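J.: can't give you the sequence, but here's the structure:
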């Protein structure tokens, strides 16, 4: 069996804002107000920037599932996760259709998706998803019209309450049967509750516009979703600092969206290729966001 590993991304910090010291158990000890060192001198090159920005204290996450990327079968990881751990499940699982584009190209860019030829895992996944989700929280699951009944019935049996099916209009259409079918321009998203939680912001239509499908040349995964769409869903269902779970991480788009929305993330990916892609993506995002994590535009 493939050995499972867990990678937790360390928090970046600026000079003068070092992490809290660890206690004897290897955990961060709380520093009481009034204790600790003096502020570091501000480098001259940062002075103009600081005149335009104000200090934004970063939220520290100490939970063992926060800001982590897990490699291996998601069922193994989910079973280890305590009940009521995550604040949102946002995922794009295999559709059990053995997906491959019918476009004629000299060389296939993507292989068949793992576990996309059968759906015997769907019921077990739905049960574990319900268990690890906190009470009064949401689930979003991308789906297709032809496998929608299988997914929705599994979620209902697990205890979820279906609220609505969202229709994402992708603008540029997909492939499929190029000669004998209409060009697909939509994708379905199952939106369900565990308990009940109100959406944030104004009441929007269940038809989602304005988030175009990524062009083929920019895809790092065959079914990759635009980060802007994932950010929209995260913003409707969570507060900053809450934990977003994607048990089918792919290339890490949900993680990307969570980081930009100041949410914590927990990603699980079976493919070693996409696991490494997600790890690399997280490192680049964390490095690029090191300054903005501590400062927000005034």
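T.: Happy to help now that I have it. What you see is a predicted model, and the numbers here were worked out from it, not measured in a lab. Numbering: from 1, shown residues only.
J.: Helices along the stretch 51-200 of the chain, start to end?
T.: In the stretch 51-200 of the chain, helices defined by DSSP state H, counting those that start in this stretch lie at 74-80, 122-132, 148-158, listed in chain order.
J.: need the ones you listed in a markdown table with mean pLDDT, mean neighbour count and distance to residue 140, can you?
T.: Heads up, the C-betas are built off the backbone N, CA and C, glycines and all. What follows is the helices of the stretch 51-200 of the chain, written out as a markdown table (pLDDT from 0 to 100; neighbours: other C-beta atoms under 10 Å; distance: least, C-beta to C-beta, whole Å):
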| stretch | mean pLDDT | mean neighbour count | distance to residue 140 |
| --- | --- | --- | --- |
| helix 74-80 | 96 | 18 | 16 |
| helix 122-132 | 97 | 19 | 11 |
| helix 148-158 | 96 | 17 | 11 |
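J.: any chance of these in a markdown table, plus distance to residue 240?
T.: Shown next, in a markdown table, are the helices of the stretch 51-200 of the chain (distance: least, C-beta to C-beta, whole Å):
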| stretch | distance to residue 240 |
| --- | --- |
| helix 74-80 | 25 |
| helix 122-132 | 21 |
| helix 148-158 | 27 |
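J.: With respect to residue 272, which of those helices lies nearest?
T.: Taking C-beta to C-beta as the criterion, helix 74-80 is the member of the helices of the stretch 51-200 of the chain that comes nearest to residue 272, at 14.3 Å.
J.: for the closest one, packing partners?
T.: Contact here means 3 or more C-beta pairs under 8 Å, 6 or more residues apart in numbering; DSSP states H and E; on that basis helix 74-80 packs against helix 122-132, strand 264-269.
J.: what residues does it touch?
T.: Helix 74-80 is contacted by residues 4, 70, 121, 124-125, 128-129, 131-132, 247-248, 268, 270 when judged by C-beta atoms under 8 Å, 6 or more residues apart in numbering.
J.: wait, which of those is closest to residue 225?
T.: residue 248 (11.2 Å).
J.: my guess is the closest one meets residue 268, correct?
T.: Yes. Between residue 248 and residue 268 there is a contact at 7.3 Å, judged by C-beta atoms under 8 Å.
J.: and the two? which has more neighbours close in?
T.: When residue 248 and residue 268 are compared on other C-beta atoms under 10 Å, the one with more neighbours turns out to be residue 268, at 26 against 23.
J.: Would you confirm that that one contacts residue 249?
T.: Yes. The criterion here is C-beta under 8 Å, and residue 268 meets it with residue 249 at 5.9 Å.
J.: overlap in contacts of the two?
T.: Here residue 268 and residue 249 share the contacting residues residue 69, scored by C-beta under 8 Å, 6+ apart.
J.: Have a look at this protein and report its longest helix.
T.: In the chain, taking DSSP state H as the definition, the longest helix is helix 272-288.
J.: who wins for proximity to residue 235 among the helices and strands packed on helix 74-80?
T.: Nearest of these (C-beta to C-beta): strand 264-269, 14.4 Å.
J.: Nearest to residue 212, out of the contacts of helix 74-80: which one, please.
T.: Nearest to residue 212 out of the contacts of helix 74-80 is residue 248 (C-beta to C-beta; 22.0 Å).
J.: which SS state does the closest one fall under?
T.: coil (DSSP: H, G, I helix; E, B strand; the rest coil).
J.: Next up, phi/psi of the residue nearest to residue 285 when sequence neighbours are not counted, please.
T.: Distances taken as C-beta to C-beta, 6 or more residues apart in numbering place residue 259 nearest to residue 285, at 5.1 Å, with adjacent residues excluded. Backbone torsions for residue 259, taken as degrees, to the nearest 10, come to phi -60, psi -50.
J.: mind checking how far residue 259 is from residue 84?
T.: 23 Å (C-beta to C-beta, to the nearest Å).
J.: okay, these two: which has more neighbours?
T.: The residue with more neighbours, out of residue 259 and residue 84, is residue 259; 24 against 13, by other C-beta under 10 Å.
J.: so what's the more buried one up against?
T.: Applying C-beta under 8 Å, 6+ apart, the residues near residue 259 are 265, 282, 285-286, 289.
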